[in-house]
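Undergrad: Generate a structure from the sequence data that follows.
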Amino acid sequence: MNRLKIAVLSVALLSVNGLAQDGATSVSGTWKVTGDVVGNAIDLTCTFTQDGKKLSGSCREAGSDKSNALTGDLDDKKVTWKFDALYNGQTITLNFSGTLDGPSKLKGGIDVQPYGVGGDFSATKEEAKKEEPKKPQA
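TA: Below you'll find the model as predicted:
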């Protein structure tokens, strides 16, 4: 009987430990972000580095070599980040606020300041590229 209790307790502890690990949300990696702000298409590649609940990294517009540094936060499934960019010679701030829908999808809104206009975005996490095994040299 004691062996059965120990086995059941062991399985229960392993299950709780697995749930705790699964509950840790990570957004680190590269995300493809698309959206629209008052008829202006948004097409970005954003790379997030997560340290606890804080985000850092950069966003780059499609077709551009210039990256803009970002800062942000993660609170459970809510992800917020912002970065400054130049638009018609003026510095603007793009503020993103979204909700994770699983480990690789994110949807939400964009607020552009100082213009006070907004729109919607969706983002998909890109899979990490796996390195090909090195071929032996002949």
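
Undergrad: and residue 81, how many neighbours?
TA: Per other Cβ atoms under 10 Å, the neighbour tally for residue 81 reads 23. Bear in mind the C-beta positions are built from the backbone N, C-alpha and C, glycine included.

Undergrad: element containing the nearest residue to it once chain neighbours are set aside?
TA: Spatial nearest neighbour of residue 81, excluding adjacent residues (Cβ to Cβ, 6 or more residues apart in numbering): residue 72 at 2.9 Å. Here residue 72 sits within strand 67-75, counting by DSSP states H and E.

Undergrad: strands paired with that strand, and their directions?
TA: Strand 67-75 has the following sheet partners, assigned by DSSP bridges: strand 54-61 (antiparallel), strand 78-87 (antiparallel).

Undergrad: Give me the distance between the first one and the centre of its chain.
TA: On the basis of Cα atoms, centre = their mean, to the nearest Å, strand 54-61 sits 9 Å off its chain's mean C-alpha point.

Undergrad: which residues sit against it?
TA: 27, 33, 43-49, 66-74, 79, 81, 83, 85, 94 (Cβ atoms under 8 Å, 6 or more residues apart in numbering).

Undergrad: What subset of those residues is buried?
TA: 27, 33, 44-48, 68, 70, 72, 74, 79, 81, 83, 85, 94 (16 or more other Cβ atoms under 10 Å).
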